[in-house]
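In: Just need the structure, nothing else, for what follows:
(chains A and B)
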There are 2 protein chains.
Amino acid sequence: MIKTAIMGFGTVGSGVYEIIRDMTSADAAGDEIEVKYILDIRDFDNEEIKPLLTKNFDDILNDNDVKIAAEVMGGLHPAYEFTKQLLEQGKSVVTSNKELVATYGPELLEIAKKNNAMYLFEASVGGGIPIIRPMTVCTKANDIMAVAGILNGTTNFILNEMFTKGKDFTEALSDAQAKGYAEKNPAADVEGHDACRKLAILASMAWGKYVNYNDIPTCGITDITSRDVAYAEKMSSVIKLIGYAKMNEEGKIYASVSPMIVSEENILSDVNGVFNAVMIHGNYLGDAVFYGKGAGKLPTASAVVADILDCSRHIDVKKHNILWECSDENIIADSNEQTLTFLVRCTDSCENIENIFDEVEFVSLFNDETAFVIRNVKRGKLNAGLEKINGVIHALGVLDFI
Amino acid sequence: MIKTAIMGFGTVGSGVYEIIRDMTSADAAGDEIEVKYILDIRDFDNEEIKPLLTKNFDDILNDNDVKIAAEVMGGLHPAYEFTKQLLEQGKSVVTSNKELVATYGPELLEIAKKNNAMYLFEASVGGGIPIIRPMTVCTKANDIMAVAGILNGTTNFILNEMFTKGKDFTEALSDAQAKGYAEKNPAADVEGHDACRKLAILASMAWGKYVNYNDIPTCGITDITSRDVAYAEKMSSVIKLIGYAKMNEEGKIYASVSPMIVSEENILSDVNGVFNAVMIHGNYLGDAVFYGKGAGKLPTASAVVADILDCSRHIDVKKHNILWECSDENIIADSNEQTLTFLVRCTDSCENIENIFDEVEFVSLFNDETAFVIRNVKRGKLNAGLEKINGVIHALGVLDFI
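Out: Modelled structure (predicted):
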């Protein structure tokens, strides 16, 4: 019987506890796990968990019986210090804490490797959907060329409502809040920061090099209006908040989080509601997609438990840990060099636009503005041209996955 | 350096060889593998592989250096005998041979477990898409409630052409053959036998009980006509060849391979061309989908190589092997008890139909036939009613995934 500790008894933590308690699958019988501690600074009036509760982290750290801890407390501190100390003791740690993984991943992975412990974080991206582990497997036999994901359920719900029900952003956001999909302060979701941390983790996984989320250009969906919806529909497309990363020939990574136009031909266009999906392109595999619920107590907790079971099956054996290489040099490629197709909205005249850009296709929809598609242009060149154009509203990239 | 053998130098086998030869990913550096033998009864005029070629299986069996073999020869014999002997020697075997896994899976898994070897078959379902491994992980922390998959690229391509280009079955099949997606004798694909074997493997994985593919009611797509396409479109749906399995309350499994009506709301409706996808429903996870290319030399070979790498990382440690329980009793549930929604086409009058079935919704499209939707009816009850109806063309189930 492998003893484990749950650190943080919030939504995910209580889900982890319940799943382990109720685990009945015959398959799991061979590697039974038991919760020995639940760490939380709060008091709980729950007779069942009372014997397990502790407010003292050292109880877990110093108990040789505890081989695995689930860090589901969230936030950077003290999650970082706790994780580090546990790994230094050779205890494995699994987590759903994307912020911690995206910030301290390289160091924690290195400490895990040094101490033959595991640091697993399937639940940090895409909730319960198996993404990190399949990616690890794919990257063993494939070079990953690009990753594109719908990584945030809240924004996907909002955009989906705008497309299917004609709501504007504010109304769709209110509905998301009413349904509990969006928080009172929705900034982390709608401004793309949540998706950005997840993309940083995926890109780090894909290429084994630490991608700092602070270096990823990030734009949310707050500027998307019903007019953008109309243009996208005219282009047989939808708009999705896409986390995108691609390695270029120099071994640098183009990475961005932004609302993008996604053709109906691309299966990511069919990811609706609060669902998440990650598309990867492997040199041998081609495109593969992992799809499912990106959040929620039990989906996320089931991913944490799967990681705990993985650790429990690798107690006392040499681990094959991954590392995220850190470099002083910025590994994010200059986004001005990235070639993409764009939809541009502005209030300038067609003549002016044609004077500045060689080949554009106009999309006529509204009398008081002009829109055009410009294909395969470097972002830097586009931006330089846009400086000479009047009344630029915005430019949306078109997802062109490999 | 772990030595491996490739048994069968056909399409997949040569892909496995090429990927291992070209493997450069930094991640793989820690567990380098090397091909020591290529087993094939044919001669090859290829200087590069000549030193590795053998026609004698005993060379591999008796070489203590060889820890892992890739069985990519296909067919039941001698693949079965070779695999069994290797596993009995404690050598791990990985395979893309769905027929062998679906037929002898339980015995081979048991031999693997007894001898602390691994028997892995990620490439047997869904080509290169990671499905088997994510399912193994999911089943650790979830009870799987149901599985539904588009498991055959050829039939998916044909149905897709019928829907998007208005072709009839024969024309779409010819095009598939011209493109190399369908074989000259397309029976195994279009009659559903290929999908049936893959579904048997998925169902066995999902519940740890061996599902014999001979027990799965299987119907192909040869009867699907442009009229079915028209009805499906009227229902905002498409038709897909679906492998479906669901556990009922008595612990028996409803399983079938048949063309089903799939609503546009279901993401499986968006799986086009030769792509495959598997949807699973876990009690905690909810719906998750794995999507990608279900066939092809390099996608499939990359899954074989990923399995080889998995074995190489677990040499000399105790394996946590899965088993497929075998039972004398048929574990396939009586399909007459399964409740589904159906679209029925016939030439009887509406009056007669309404006399026989309580509640039906008529779908009027053609003057010379009658079609109706009947919701949530047991298949047995439907069939009994259909016996009293004149000129039944066919009944198509509607996929209602959980």
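In: Could you use CA atoms for every contact and neighbour count after this?
Out: Will do.
In: measure the closest residue to A:Lys297 other than its chain neighbours to chain B for me?
Out: The shortest distance from A:Lys297 to any residue that is not its chain neighbour, by C-alpha to C-alpha, 6 or more residues apart in numbering or on different chains, is 5.1 Å, and that residue is A:Val12. If you measure A:Val12 against chain B using C-alpha to the nearest C-alpha, to the nearest Å, the figure is 12 Å.
In: Just confirm A:Val12 is within a helix.
Out: Yes - the assignment for A:Val12, made by DSSP: H, G, I helix; E, B strand; the rest coil, places it in a helix.
In: Verify the contact between it and A:Val72 for me.
Out: Yes - when contacts are counted by C-alpha atoms under 8 Å, A:Val12 is listed as touching A:Val72 (6.4 Å).
In: measure the residue nearest to A:Lys297 to A:Thr95 for me?
Out: A:Val12 is 10 Å from A:Thr95, where distance means C-alpha to C-alpha, to the nearest Å.
In: the more surrounded of these two?
Out: A:Thr95 (29 against 26; other C-alpha atoms under 10 Å in any protein chain shown).
In: show me what contacts the more buried one?
Out: With contact set as C-alpha atoms under 8 Å, 6 or more residues apart in numbering or on different chains, A:Thr95 has these partners: A:Ala70, A:Glu71, A:Val72, A:Tyr119, A:Leu120, A:Phe121, A:Glu122, A:Ala123, A:Ser124, A:Val304.
In: Contacts only, for the third one.
Out: This points to A:Val72. Applying C-alpha under 8 Å, 6+ apart as the definition, the contact partners of A:Val72 turn out to be A:Ile6, A:Met7, A:Gly8, A:Phe9, A:Gly10, A:Val12, A:Gly13, A:Thr95, A:Ser96, A:Asn97.
In: List only buried entries from the residues you listed.
Out: Under a neighbour-count criterion of 16 or more other C-alpha atoms under 10 Å in any protein chain shown, the subset of those counted as buried comprises A:Ile6, A:Met7, A:Gly8, A:Phe9, A:Val12, A:Gly13, A:Thr95, A:Ser96, A:Asn97.
In: Out of the residues you listed, which is nearest to chain B?
Out: Minimum distance to chain B across those is 12.1 Å, recorded for A:Val12 (C-alpha to the nearest C-alpha).
In: sorry, back to before: sort out for me which of the contacts of A:Val72 are in strands.
Out: The members of the contacts of A:Val72 that map onto strands under DSSP state E are A:Ile6, A:Met7, A:Thr95.
In: What is the burial count for A:Ala245?
Out: 25.
In: Give me the secondary structure label for the nearest residue to it once chain neighbours are set aside.
Out: Nearest residue to A:Ala245, sequence neighbours excluded (C-alpha to C-alpha, 6+ apart): A:Ala255, at 4.2 Å. Secondary structure of A:Ala255, reduced to three states by three-state DSSP: strand.
In: Distance check, A:Ala255 against chain B.
Out: The gap separating A:Ala255 from chain B is 21 Å, by C-alpha to the nearest C-alpha.
In: from what I can see that residue touches A:Tyr213, true?
Out: No - in terms of C-alpha under 8 Å, A:Ala255 does not count as a neighbour of A:Tyr213; the distance is 9.5 Å.
In: which one of these two has more residues nearby?
Out: When neighbours are counted by other C-alpha under 10 Å, A:Ala255 comes out ahead of the other of A:Ala255 and A:Tyr213, with 30 against 22.
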